[in-house]
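A.B. asks: Pasting the sequence and the predicted model now:
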Amino acid sequence: LYAHFAFKRFLRKHLSIAHYDAVIATMAPPEHLRLGAWMNQHTGTPFIADYRDTYDNRIMSTTFRPSWRERLGIDLKRHYHRRWMRRCSLLVSVSRPLLRMLSQELRVGNSVEVRNGYDPDLLEPQTDMIDRGYFRLIYSGQIYPHQILSPFIEAMEFFLARLTSEERGQVRLSFYGIADLTHAANLNKHFSGLATVMTARISQNELHRALSQSCILLIFDYGQTGVYSGKLMEYVGMHRNILMIPSDKGVIAELVQNGRLGLATGDPAAAADFLFARFREWQASGHPMFTGDADVIAAASMSMQTALLAHAVRQLVASSSQAGPGTGKNASTGHRSPR
């Protein structure tokens, strides 16, 4: 909070001698949005609000049952965000459902979807990096209490039951990023006969190497149907088969299915069939078949997504300039309208 006030003091002085075509304020923390709205109020600079999440992520969960205290807190957040968004010219968020919800909640008309993206130069996917010695399945990221894992556990049991003891020895299951060690221990009990790895944290380079060596990348239902995860885009950029189980029937499942990136299902038997088919392909050729749509994969890159934002910003700045020199002028400050 101190940094927020210090930055605001700096902006007051700085904006007396400089002006900008637009200001992009990214949530979180909310102070960024507050400063963006303040800058628009005092200088007329077009204000772009970029929401990586909602003002309270719990409202996206289908299982959230707030107490009266929690509802009061959410209502208070909504009140302030609506007040700041009165000055917003463009609302940006990472998925269509999230954008629709925010547009309705915050009453902003002009909006654009800009997803999280992967960096192709950082990932450099190589098919021949897949481990030919082991059929590797990997999950990366935290596992939360509200996520349902029983369909995956059942699918793994079905899959392993179809393998010989020698083939089961070729399967490796890894979980990276599980901070709750108790939760990890409980999960590990279900796979006591399988070689598993569970770690709280590894470096980004180590994770990318592990992902590139794997055959199957795992996603579990988030209970938030409108949100793409950042790790999903890394998965997409790896050109590896994705298994999402159970499927939340939201945007992640839609991307996996429409992009032919793997399987999104709530059926453990179907998931087991998928794993078994990829396992046999891996045994035969050293890597499972991957049929991902090249256009869908390319569109998920960071450069493609930021190009969408750049286009929207250029349009906003151009329309602001055409509105005339009087637009945005604040009588109390005397600041000029942005070019």
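C.D. replies: In hand now; what should we look at? Numbers count the residues shown, from 1 in each chain.
A.B. asks: Could you pull up phi and psi at Arg65?
C.D. replies: In terms of degrees, to the nearest 10, the main-chain angles of Arg65 are phi -120, psi 90.
A.B. asks: Just the pLDDT at it, thanks.
C.D. replies: Listed pLDDT for Arg65 reads 84.
A.B. asks: Could you count how many residues lie near it?
C.D. replies: Neighbours of Arg65 under the rule other CB atoms under 10 Å: 7. Using the backbone N, CA and C atoms, a C-beta is placed for each residue, glycine as well.
A.B. asks: Distance check, it against Gln147.
C.D. replies: To Gln147, Arg65 is 17 Å away according to CB to CB, to the nearest Å.
A.B. asks: do the same with Leu207
C.D. replies: With the distance defined as CB to CB, Leu207 ends up 20 Å from Gln147.
A.B. asks: So if I had to pick from the two, which one is more boxed in?
C.D. replies: Set side by side, Leu207 and Gln147 show more neighbours around Leu207, with 19 against 15, by other CB under 10 Å.
A.B. asks: so which helix or strand takes in that one?
C.D. replies: Assigned by DSSP states H and E, Leu207 belongs to helix 204-212.
A.B. asks: Using CSV, write out every CA atom in that helix.
C.D. replies: Output of helix 204-212 as CSV, limited to C-alpha atoms (Å, rounded to 0.1, in the frame of the first residue of the first chain):
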residue,chain,number,x,y,z
GLN,A,204,11.4,-23.7,-15.0
ASN,A,205,14.2,-25.3,-17.1
GLU,A,206,13.9,-28.6,-15.2
LEU,A,207,10.1,-28.6,-15.6
HIS,A,208,10.3,-27.9,-19.4
ARG,A,209,12.9,-30.7,-19.8
ALA,A,210,10.6,-33.1,-17.8
LEU,A,211,7.6,-32.1,-19.9
SER,A,212,9.5,-32.6,-23.2
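A.B. asks: Distance check, Asn241 against Ala179.
C.D. replies: For Asn241 relative to Ala179 (CB to CB), the value is 26 Å.
A.B. asks: More neighbours: which of those two?
C.D. replies: A side-by-side neighbour count of Asn241 and Ala179, using other CB under 10 Å, places Asn241 first with 27 against 11.
A.B. asks: Could you pull up the contacting residues of the nearest residue to the more buried one once chain neighbours are set aside?
C.D. replies: Leaving aside its chain neighbours, Asn241 sits nearest to Gly262 (4.3 Å; criterion: CB to CB, 6 or more residues apart in numbering). Listed by CB atoms under 8 Å, 6 or more residues apart in numbering, the contact set of Gly262 reads Ile216, Leu217, Asn241, Ile242, Leu243, Met244, Val256, Phe274.
A.B. asks: Buried residues in stretch 294-308, which are they?
C.D. replies: Within stretch 294-308, the residues scored as buried using 16 or more other CB atoms under 10 Å are Ile297, Ala299, Ala300, Ser301, Met302, Gln305, Leu308.
A.B. asks: mind listing the strands for the stretch 201-339 of the chain?
C.D. replies: Residue ranges of the strands in the stretch 201-339 of the chain, as given by DSSP state E, counting those that start in this stretch, are 216-219, 241-244, 262-264.
A.B. asks: Redo those strands as TSV? Include distance to Phe191 and mean pLDDT.
C.D. replies: Listed next are the strands of the stretch 201-339 of the chain as TSV, based on distance: least, CB to CB, whole Å; pLDDT from 0 to 100:
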stretch	distance to Phe191	mean pLDDT
strand 216-219	13	92
strand 241-244	15	94
strand 262-264	20	93
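A.B. asks: Between the ones you listed, which shows the greatest average number of neighbours?
C.D. replies: Greatest average neighbour count among these goes to strand 241-244 (a mean of 25), per mean count of other CB atoms under 10 Å.
A.B. asks: Adjacent strands (with direction) for it?
C.D. replies: Note on strand 241-244: by DSSP bridges, its sheet partners are strand 216-219 (parallel), strand 262-264 (parallel).
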